[in-house]
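**Q** Prediction below, plus the sequence it came from.
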Amino acid sequence: MKRNRRVKILATLGPASSDKEAIKKLWLAGADVFRINMSHSSHEMLNDLVGRIRSVEAEVGRPIGILADLQGPKLRVGTFANDEKPILKNGATFIVDADETPGDVTRVYLPHPEILGTLEVGHRLLVDDGKICLRVIEASAQRCVTTVEVGGTISNRKGVSVPDTEIPVGSLTEKDYKDLDAALAAKVDWLALSFVQRPEDLIEARALTKGAVAIIAKVEKPQAIERLSEIIELSDAIMVARGDLGVEMPLEQVPGLQKRMIRACRKAGKPVVVATQMLESMITSPVPTRAEVSDVATAVFEGADAVMLSAESAAGDFPSEAVATMDKIAVEVEQDENYRSIIHAQRTEPEATGADAITAAAHQVAETLDLAAIVTYTASGGTALRASRERPATPIIAFSPEISTVRRLTIGWGLHCVASQDAATEEDLINRACCLAHNEGIAKPGQRILVSAGVPFGTPGSTNMLRVAFVGSESK
């Protein structure tokens with residue numbers, strides 16, 4: 001079974017979609033990759049979900065990617081006396097401090113000494129997803145006095161964001177280290193790092209994972225925007241995490257940042273996922289708002305590799321309907337008469353390397369000769385991702401003897417991923433490519449395909465071969 005669209009869909013699993021039948025229903029509706037949110041998942045639940053996904057994978061006969069999303073450093077205030085919910089009024093003075101005594105309308109405990117010691121006069125604290133804004137007027141390592149700029153009701157353990165402050169700790173907490181080990185043991189394909197601030201966060205994760213899993217950096221802090229090019233270079237993919245990004249930065253800046261990140265990732269040949277509130281109303285409604293449809297369509301028009309559902313598929317009343325709706329929107333956009341011209345206009349020039357030149361040529365040859373498919377043989381995934389970066393109108397088949405590589409590639413734009421036995425010779429590779437194109441229903445006998453690979457086989461990053469081949473009637 002092949003999808004009728006190039007953009008991929010990530011669906012988050014949760015209470016509404018955790019049993020095997022629900023997961024299979026989501027896949028049939030259009031989900032290509034499943035996200036497991038470690039903020040809400042125990043290690044036992046992680047292993048159960050991975051097992052169920054792999055069981056569905058075996059039933060449908062198609063590779064399925066699995067993304068484990070680490071929680072990251074979640075900052076929260078302490079508790080209030082008698083579980084009260086004080087109302088902070090605009091202009092009032094409010095103190096956050098290192099005193100563990102339950103709080104009241106004048107103060108609250110902030111159980112994060114690394115934050116207290118870093119806050120400076122003029123910095124903001126955003127509480128409860130930005131509903132409350134506090135501005136620091138006095139700062140010390142033990143207490144910070146703030147003015148309430150935007151008031152509201154505050155209660156126990158509400159989340160805190162500090163957009164003006166670089167937190168002097170890495171993006172991995174003690175919980176994350178344990179979850180990372182569990183994710184590696186479960187053999188997930190992707191690991192998402194939350195609240196990445198600096199390139200060093202990715203370097204640490206790479207040292208811990210030793211290449212066993214691909215790493216996606218979630219961009220949701222202003223500090224990450226400032227060092228975006230370095231973060232893209234060190235990651236395997238980027239997630240535009242618009243929820244927290246919209247809390248820590250002015251909302252009106254988020255659409256422009258989304259465009260900037262998509263284009264930067266495409267230039268670098270790294271997959272980019274657009275996430276958060278894409279079909280939010282479908283948590284409780286069987287149909288989305290018109291604005292949500294337009295939002296998903298915009299991400300597809302911009303050339304994002306994937307779009308993601310969070311609570312819509314994890315905890316909503318209509319999980320499979322949300323996936324099916326996203327699928328229908330993507331299919332319709334990609335058939336729009338303006339789609340190809342918009343995608344082509346965003347194309348970047350290839351880097352001055354042999355592999356990039358070969359891949360750019362593959363795109364040109366395939367479209368000039370009206371070939372049925374571009375078939376990329378890839379050991380590490382690099383050849384396939386280069387082909388994907390070109391965003392060709394010609395279908396792309398990515399095949400590899402490594403099932404882990406194939407599963408990782410399910411996130412890439414336009415990649416129809418297939419696990420296949422290794423090729424012994426160049427002629428064997430060509431024959432295998434023709435058979436795959438035919439068997440996967442992408443090319444018919446008599447049509448031509450283009451085969452791209454690196455020779456010698458199995459050498460990562462060495463794309464250096466192009467062949468045009470006929471699909472014969474014996475290609476089965």
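**A** Happy to help now that I have it.

**Q** What about the nearest residue to E426 once chain neighbours are set aside, how many residues nearby?
**A** Closest residue to E426 apart from its sequence neighbours, by Cβ to Cβ, 6 or more residues apart in numbering: V455 at 6.8 Å. Quick note: C-beta positions are derived from backbone N, CA and C, even for glycine. The local packing of V455 (other Cβ atoms under 10 Å) involves 13 other residues.

**Q** Please apply the same query to I203.
**A** 12.

**Q** do A419 as well
**A** 15.

**Q** can you pull out the strands in the stretch 51-200 of the chain?
**A** 65-69, 87-88, 93-97, 107-109, 124-127, 132-139, 143-150, 152-153, 160-161, 190-193 (DSSP state E, counting those that start in this stretch).

**Q** which strands and helices sit next to the third one?
**A** Pointing back at strand 93-97 there. strand 107-109, strand 132-139, strand 143-150 (3 or more Cβ pairs under 8 Å, 6 or more residues apart in numbering; DSSP states H and E).

**Q** tell me the contacts of G246?
**A** G246 makes contact with 254, 276, according to Cβ atoms under 8 Å, 6 or more residues apart in numbering.

**Q** follow-up on the earlier one: so which of the strands of the stretch 51-200 of the chain gets nearest H363?
**A** strand 65-69 (24.2 Å; Cβ to Cβ).

**Q** Could you export the closest one as PDB, CA atoms only?
**A** C-alpha atoms of strand 65-69 as PDB (Å, rounded to 0.1, in the frame of the first residue of the first chain):
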ATOM      1  CA  GLY A  65       8.500   4.800  12.300                       C
ATOM      2  CA  ILE A  66       8.400   5.300  16.100                       C
ATOM      3  CA  LEU A  67       9.300   8.600  17.900                       C
ATOM      4  CA  ALA A  68       9.900   8.700  21.600                       C
ATOM      5  CA  ASP A  69       9.500  12.300  22.800                       C
END
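
**Q** Give me the contacts around it.
**A** Under Cβ under 8 Å, 6+ apart, the answer for strand 65-69 is 10, 32-39, 46, 50, 53, 179, 183, 186, 188-192, 194, 216, 218, 407-411.

**Q** cool, and stretch 110-128?
**A** For stretch 110-128, the surrounding residues in contact (Cβ under 8 Å, 6+ apart) are 75-78, 96-98, 100, 132-144, 146, 149, 152, 154, 158-169, 247-248.

**Q** first vs last residue of that stretch, how far apart are they?
**A** End-to-end span of stretch 110-128 (Cα to Cα, to the nearest Å): 14 Å.

**Q** average pLDDT for that stretch?
**A** What stretch 110-128 shows for mean pLDDT is 93.

**Q** Pull out the buried positions in that stretch.
**A** By 16 or more other Cβ atoms under 10 Å, the buried positions in stretch 110-128 come out as 110, 112, 115-116, 118-119, 123-128.

**Q** Pick out the most distant pair among the residues you listed.
**A** T118 and D128 (20.9 Å).

**Q** contacts for the helix or strand where T376 lies?
**A** Assigned by DSSP states H and E, T376 falls within strand 373-377. For strand 373-377, the external contacting residues (Cβ under 8 Å, 6+ apart) are 362-363, 366, 383-384, 387, 392, 394-400, 423, 429, 433, 436-437, 442-443, 449-454, 457.

**Q** ok, how many other residues are close to K259?
**A** 16.

**Q** Domains of this protein: list them as residue ranges, please.
**A** For the chain, automatic domain parsing gives the domain ranges 8-72+171-339, 81-161, 354-470.

**Q** Which of the ones you listed sits closest to K2?
**A** domain 354-470 (5.5 Å).

**Q** Against F470, how distant is Q223?
**A** 54 Å (Cβ to Cβ, to the nearest Å).

**Q** more neighbours, these two?
**A** Q223 (18 against 13).

**Q** So, low pLDDT: which residues of this protein?
**A** For the chain, applying pLDDT under 70 flags the ranges 458-462, 473-476.

**Q** Please identify the helix or strand for V451.
**A** strand 448-454.

**Q** My understanding was that R266 contacts G303; is that so?
**A** Yes. Using Cβ atoms under 8 Å, R266 makes contact with G303 at a distance of 5.9 Å.

**Q** Any chance of JSON lines for the strands of the stretch 51-200 of the chain, columns distance to V307?
**A** Conversion of these to JSON lines gives the following (distance: least, Cβ to Cβ, whole Å):
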{"stretch": "strand 65-69", "distance to V307": "14"}
{"stretch": "strand 87-88", "distance to V307": "37"}
{"stretch": "strand 93-97", "distance to V307": "37"}
{"stretch": "strand 107-109", "distance to V307": "38"}
{"stretch": "strand 124-127", "distance to V307": "26"}
{"stretch": "strand 132-139", "distance to V307": "30"}
{"stretch": "strand 143-150", "distance to V307": "31"}
{"stretch": "strand 152-153", "distance to V307": "32"}
{"stretch": "strand 160-161", "distance to V307": "25"}
{"stretch": "strand 190-193", "distance to V307": "15"}
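
**Q** So for M1, which of the domains of the chain sits nearest?
**A** Short answer: domain 8-72+171-339, nearest of these by Cβ to Cβ, at 6.3 Å.

**Q** end-to-end on that closest one?
**A** Start-to-end, domain 8-72+171-339 (Cα to Cα) is 16 Å.

**Q** go on, stretch 158-170?
**A** Span of stretch 158-170 from end to end, Cα to Cα: 22 Å.

**Q** list the helices and strands the host helix or strand of I238 packs on?
**A** For I238, the host element (DSSP H and E) is strand 237-241. Using 3+ Cβ pairs under 8 Å, 6+ apart as the contact test, the elements touching strand 237-241 are strand 214-219, helix 254-268, strand 272-275.

**Q** what's the angle from that strand to strand 214-219?
**A** Angle of strand 237-241 versus strand 214-219, following axes from the mean of the first three to the mean of the last three Cα atoms, to 10 degrees, is 30 degrees.

**Q** just how off-centre is strand 237-241 within its chain?
**A** The chain centre lies 5 Å from the centre of strand 237-241; the measure is Cα atoms, centre = their mean, to the nearest Å.

**Q** which of the residues in the helix or strand following that strand are buried?
**A** Counting by DSSP H and E, the element after strand 237-241 in chain order, helix or strand, is helix 242-248. Buried residues in helix 242-248, counted by 16+ other Cβ under 10 Å: 242, 244-248.

**Q** Equivalent analysis for stretch 61-74, please.
**A** For stretch 61-74, by 16+ other Cβ under 10 Å, it's 62-73.
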